[in-house]
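K.L.:
Just a sequence and a predicted model for now, questions to come.
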Amino acid sequence: MRFYNQLINESAPGALQAVPATTTVPSAEYPRVYADGRVIFRFHLPDAKTVQLEGGQGLCPKPVPLTKDADGYWTVTIPPSVMGFHYYWFNVDGVRMNDPGSQTFFGYNRETSGIELPDGQQISSDLVTAPVIPFYAPHEGAQGQLHEHSYLSQLTGKWRRCIVYTPPDYFDAANAGTRYPVLYLQHGAGEDETGWSRQGGVNFIMDNAIHGNSSNFFFRAGTTPEAKEMIVVMDNGYATYKQGTGSDGRDPSANYLPAFVRGDIEAFGDVLIKELIPMIDGKYRTIADRDHRAMAGLSMGGAQTMAIALSHLDMFSYIGTFSGAQFITPPASSGRATPPFEPGASYGGVFADAAAFNSKVRLLWMGAGTAELSLSESLRQNVEKLRAANIKVVQFHSPGTAHEWQTWRICLNKFAPLLFQA
């Protein structure tokens, strides 16, 4: 993903004061972003009758109509939105359509248009001569690398893919004997293992955290290192057993989550514990023990993290959930009830003995955006219950961000420096 280093021409007329979004394909001029945060969308579809802009929570919670001119160009300028990455698409005469001017990213269970919105200070202008670089942008100096692995799962009978981040200097000869802790980091529902690398900028977040450039939200050079160097593994969160295989009859997520989400988590949990972790420990120079292994995830990945890590405390000692659906309430239309979270009983009673839990889990970290109201309030209520039960937990609320990637980027930026510090 490219980032902003372009110059705003404030004397130019109209849309020419804006620059193409960094997620705009090279041959396109739109969508464009203004230094004040406005965005203009424009594309040519002369035969369409109606066009609406639709997308994620932070960009346009409600559909926004576009206006067609005499030449068949549809255009709309939307007010400033929350900075960061947003999914979006057009509704053309009732049919969903991606923007031909933008890159696509896997979200909402399909390839979906996406746009990166900067803070105004990230774009050069007559008033701002040096763009401010965010913590999820590339930097000068040593950078970590992303690797792609395909592996045949005996449990599912299918080929699977994971993305692995190795920290800067991992391949330097001087570090040939160095071993590293590992964070297993999961995507959300409707996304896949590429989400954290493409939408999230995980490699840049980790690089900046390791180099001490992530404090105060934006890049700061010359600070002391914050995060430990670590390997980050991102696997596909969907799994189903092949016929004739599966668990030994024990459902490891029983009593942790409602029945309607247990099956998929059970299969993925088995893949993670029995296949993925052993493979990573075999291919990379890991420190293969619970004190140097963490798991975290966003939304659905948060639910998976809670169910899997809390039932395998022999494997994990750091646990994080970002907008996590760890306290799931199914849709009212489903007719299914979910018992309220109770530390003494939920998740198999793992929180019932606070002293035992606190001695095993070095970090339990939970975050959400303040603009995702139900999740944020649920988090507050349930953290209060955990603290009343004497469970040590770190709570974080990202100001003004919704159930979108900016929340999860910020959560990872806060979570990573706390890992493996004990």
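P.N.:
In hand now; what should we look at?
K.L.:
Can you show me the helices along this protein?
P.N.:
Residue ranges of the helices in the chain, as given by DSSP state H, are 195-198, 202-210, 259-271, 277-283, 300-310, 346-349, 354-360, 373-388, 405-415.
K.L.:
can you count the residues close to the residue nearest to Leu418 when sequence neighbours are not counted?
P.N.:
Leaving aside its sequence neighbours, Leu418 sits nearest to Leu363 (C-beta to C-beta, 6 or more residues apart in numbering; 5.6 Å). Every residue, glycine included, has its C-beta placed from N, CA and C. Using other C-beta atoms under 10 Å, Leu363 has 19 other residues around it.
K.L.:
My guess is Leu363 contacts Lys414. True?
P.N.:
No: using C-beta atoms under 8 Å, Leu363 makes no contact with Lys414, being 11.5 Å away.
K.L.:
can you pull the contacts of Ile163?
P.N.:
Listed by C-beta atoms under 8 Å, 6 or more residues apart in numbering, the contact set of Ile163 reads 146-149, 193-194, 196-197, 233-235.
K.L.:
Mind doing that once more with 10 Å?
P.N.:
Ile163 is in contact with 146-149, 185, 187, 192-198, 202-203, 232-236, counting by C-beta atoms under 10 Å, 6 or more residues apart in numbering.
K.L.:
is it in a bridge, and if so with what?
P.N.:
For Ile163, the beta-bridge partners are Glu148, Met234 (DSSP bridges).
K.L.:
ok, it to Leu419 distance?
P.N.:
To Leu419, Ile163 is 19 Å away according to C-beta to C-beta, to the nearest Å.
K.L.:
Check Ala174 too.
P.N.:
Ala174 is 23 Å from Leu419, by C-beta to C-beta.
K.L.:
which one of the two has more residues nearby?
P.N.:
More neighbours surround Leu419 than the other of Ala174 and Leu419, with 24 against 7 (other C-beta under 10 Å).
K.L.:
Tell me, what's the model's pLDDT at the more buried one?
P.N.:
We have a pLDDT of 97 for Leu419.
K.L.:
In this model Arg362 seems to touch it, though I could be wrong.
P.N.:
Yes: between Leu419 and Arg362 a contact is recorded at 8.7 Å, counting by C-beta atoms under 10 Å.
K.L.:
so what's in contact with the two at the same time?
P.N.:
By C-beta under 10 Å, 6+ apart, the residues touching both Leu419 and Arg362 are 294, 317-318.
K.L.:
Among those, name the ones in strands.
P.N.:
Of the positions in the shared contacts of Leu419 and Arg362, 294, 318 sit in strands, assigned by DSSP state E.
K.L.:
Most neighbours out of the shared contacts of Leu419 and Arg362, which is it?
P.N.:
Neighbour tally across these (other C-beta under 10 Å): the maximum, 28 neighbours, falls on Ala294.
K.L.:
can you list the weak-confidence ranges in the stretch 51-200 of the chain?
P.N.:
120-132 (pLDDT under 70).
K.L.:
Repeat the analysis, applying 80 as the threshold.
P.N.:
Within the stretch 51-200 of the chain, the set of residues satisfying pLDDT under 80 comprises 119-133.
K.L.:
mind listing what the residue located most distally from the centre of the chain touches?
P.N.:
In the chain, counting by C-alpha atoms, centre = their mean, Ala70 sits farthest out from the average C-alpha position, at 41.3 Å. Contact analysis of Ala70 by C-beta under 10 Å, 6+ apart lists Pro46.
K.L.:
before we move on, back to that, out of the helices of the chain, which gets the lowest mean score?
P.N.:
Note on the helices of the chain: lowest mean pLDDT is at helix 259-271, with a mean of 73.
K.L.:
List the buried residues of stretch 53-64.
P.N.:
Buried residues in stretch 53-64, defined by neighbour count with 16 or more other C-beta atoms under 10 Å: 53-60, 64.
K.L.:
Could you chop the chain up by domain?
P.N.:
By the assignment in automatic domain parsing, the chain contains the domains 14-122, 145-418.
K.L.:
Tell me which of these sits nearest to Tyr136.
P.N.:
Minimum separation from Tyr136 across those (C-beta to C-beta) falls at domain 145-418, 3.8 Å.
K.L.:
Figure out the length between the terminal residues of that closest one.
P.N.:
Start and end residues of domain 145-418 are separated by 22 Å (C-alpha to C-alpha, to the nearest Å).
K.L.:
picking that back up, nearest to His211 among the buried residues of stretch 53-64?
P.N.:
Gly58 (28.0 Å).
K.L.:
Tell me who's in contact with the closest residue to that closest one other than its chain neighbours.
P.N.:
In space, and not counting its chain neighbours, Gly58 is closest to Val82: 4.0 Å by C-beta to C-beta, 6+ apart. Taking C-beta under 10 Å, 6+ apart, we find Val82 in contact with 37, 56-59, 117, 369, 371, 398, 400-402, 404, 406-407.
K.L.:
same check, this time on Leu386
P.N.:
With contact set as C-beta under 10 Å, 6+ apart, Leu386 has these partners: 341, 343, 351, 354, 357, 364, 366, 392-393, 395.
K.L.:
Make JSON lines out of the residues you listed and add neighbour count and distance to Tyr30.
P.N.:
Formatted as JSON lines, these follow (neighbours: other C-beta atoms under 10 Å; distance: C-beta to C-beta, whole Å):
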{"residue": "Phe341", "neighbour count": "17", "distance to Tyr30": "46"}
{"residue": "Pro343", "neighbour count": "20", "distance to Tyr30": "51"}
{"residue": "Phe351", "neighbour count": "25", "distance to Tyr30": "51"}
{"residue": "Ala354", "neighbour count": "15", "distance to Tyr30": "55"}
{"residue": "Phe357", "neighbour count": "20", "distance to Tyr30": "52"}
{"residue": "Leu364", "neighbour count": "22", "distance to Tyr30": "44"}
{"residue": "Met366", "neighbour count": "26", "distance to Tyr30": "39"}
{"residue": "Lys392", "neighbour count": "13", "distance to Tyr30": "49"}
{"residue": "Val393", "neighbour count": "19", "distance to Tyr30": "45"}
{"residue": "Gln395", "neighbour count": "16", "distance to Tyr30": "40"}
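K.L.:
OK, contacts around the nearest residue to Lys242 once chain neighbours are set aside?
P.N.:
Leaving aside its sequence neighbours, Lys242 sits nearest to Gly157 (C-beta to C-beta, 6+ apart; 3.2 Å). By C-beta under 10 Å, 6+ apart, the contact set of Gly157 is 240-245.
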